[in-house]
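*Asks:* got a structure for you, letters missing:
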């Protein structure tokens, strides 16, 4: 199957891959390096891949996991600020990022692809090599955990 | 708030269960992004925060310092195209040059001074030829 590499290297596509890497790595600079490496390898490939979009998402995921293995302890690197004061100064995006960083890697990936990038659960299942039901279970657990973190750990509530 | 709050609560429960449909997800997103925060019931505040956070995260852009990769094919094509363009330009320029004549080897003479020298040389040869003919006639 032929494809246009320029479409795959569009700004929106690169932004999406970078956001995905950011969600897994929790480090925007490292995420940028990952996307750079993946795209460089992708462009250097002499032969086209069958499903380039899935290839790129998987390549970014694998590269991020490799980096996490090098780092070992991801969660311990998070700033350990008092939750009450933390929630007051954070905006919604930071709260979501904070809660997502408390999820497991797989949960984080699934939540990112579903709720940030807008993939359907079937598309995610294809990308991650899972069953649709597995994706839905992961989503359910991840979202419930995020709600618990936001309500109990960050004590988030709109101050009337 | 046009959407019934109980419909939103039902969609929120499905969303947390991972069983929500595309329509329910769109409805939740539209509701929480268009609704004022003080209008949201307290039991939906965390979901509202998540929806707004996801929406904001989706708008994040790659830093401008990112260097776009160039494909191997492009890297090969650029010098090839440049060389072809240079060759075409050379052909066009050479084709437009005035040809004053041809030398003994059949090559074009495109320099005016060189052409004049060649004419002068031929004239000299012609004179010499006449002199030789004259000497031949005297001998005869």
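*Replies:* Cool, got the structure. These numbers were taken from a predicted model, which means no experiment stands behind them.

*Asks:* Flag the shaky bits of the chain, pLDDT-wise.
*Replies:* Using chain A here. Along chain A, segments meeting pLDDT under 70 span A:1-9, A:72-89, A:154-160.

*Asks:* switch to chain B, that's the one I care about
*Replies:* Low-confidence segments of chain B, defined by pLDDT under 70: B:1-3, B:65-75.

*Asks:* So it: which segments form each domain?
*Replies:* B:5-59, B:87-139 (automatic domain parsing).

*Asks:* how close does residue A:153 sit to residue A:115?
*Replies:* Residue A:153 sits 19 Å away from residue A:115 when distances are taken as C-beta to C-beta, to the nearest Å. Using the backbone N, CA and C atoms, a C-beta is placed for each residue, glycine as well.

*Asks:* Go through the domains of chain B and name the closest to chain A.
*Replies:* The stretch from the domains of chain B with the least distance to chain A (C-beta to the nearest C-beta) is domain B:5-59; that distance is 2.8 Å.

*Asks:* roughly how far out does the closest one sit from the chain middle?
*Replies:* Going by C-alpha atoms, centre = their mean, to the nearest Å, the spacing between the C-alpha centre of domain B:5-59 and its chain's C-alpha centre is 43 Å.

*Asks:* Report whether it contacts chain A.
*Replies:* Yes. Judged by C-beta under 8 Å from any C-beta of the partner chain, domain B:5-59 comes into contact with chain A at B:15-19, B:22, B:37-38, B:40, B:42, B:45-50, B:52-54, B:56-58.

*Asks:* related to what we said a few turns ago, ok, residue A:153 and residue A:115, which is more surrounded?
*Replies:* Counted by other C-beta atoms under 10 Å in any protein chain shown, residue A:153 and residue A:115 do not tie: residue A:115 has more neighbours, with 25 against 15.

*Asks:* which ones are touching residue A:138?
*Replies:* Taking C-beta atoms under 8 Å, 6 or more residues apart in numbering or on different chains, we find residue A:138 in contact with A:106, A:107, A:110, A:130, B:18.

*Asks:* Pull out the buried residues from those.
*Replies:* Neighbour counting over those (16 or more other C-beta atoms under 10 Å in any protein chain shown) leaves A:106, A:107, A:110, A:130, B:18 as the buried ones.

*Asks:* hang on, the earlier thing: quick one: which of the residues of domain B:5-59 next to chain A sit in helices?
*Replies:* Mapping the residues of domain B:5-59 next to chain A onto helices (DSSP state H) picks out B:15-17, B:22, B:45-50, B:52-54, B:56-58.

*Asks:* Could you rank those residues by neighbour count and give me the top one?
*Replies:* The residue in these with the most neighbours, by other C-beta under 10 Å, is residue B:49 (29 neighbours).

*Asks:* ok, it - contacts?
*Replies:* Residue B:49 neighbours (C-beta under 8 Å, 6+ apart): A:92, A:95, A:96, A:150, A:156.

*Asks:* Could I get the phi/psi values of residue B:109?
*Replies:* phi -110, psi 110 (degrees, to the nearest 10).

*Asks:* State the distance from it to residue B:120.
*Replies:* From residue B:109 across to residue B:120, the span is 13 Å (C-beta to C-beta).

*Asks:* now residue A:48
*Replies:* Separation of residue A:48 from residue B:120 (C-beta to C-beta): 67 Å.

*Asks:* residue of chain A with the smallest distance to chain B?
*Replies:* residue A:96 (2.8 Å).

*Asks:* could you point out the longest helix in chain A?
*Replies:* Counting residues, the longest helix found in chain A (DSSP H) is helix A:52-71.

*Asks:* just checking, what packs against that one?
*Replies:* Under the contact criterion of 3 or more C-beta pairs under 8 Å, 6 or more residues apart in numbering or on different chains; DSSP states H and E, helix A:52-71 touches helix A:5-8, helix A:11-25, helix A:28-44, helix A:105-111, helix A:121-128.
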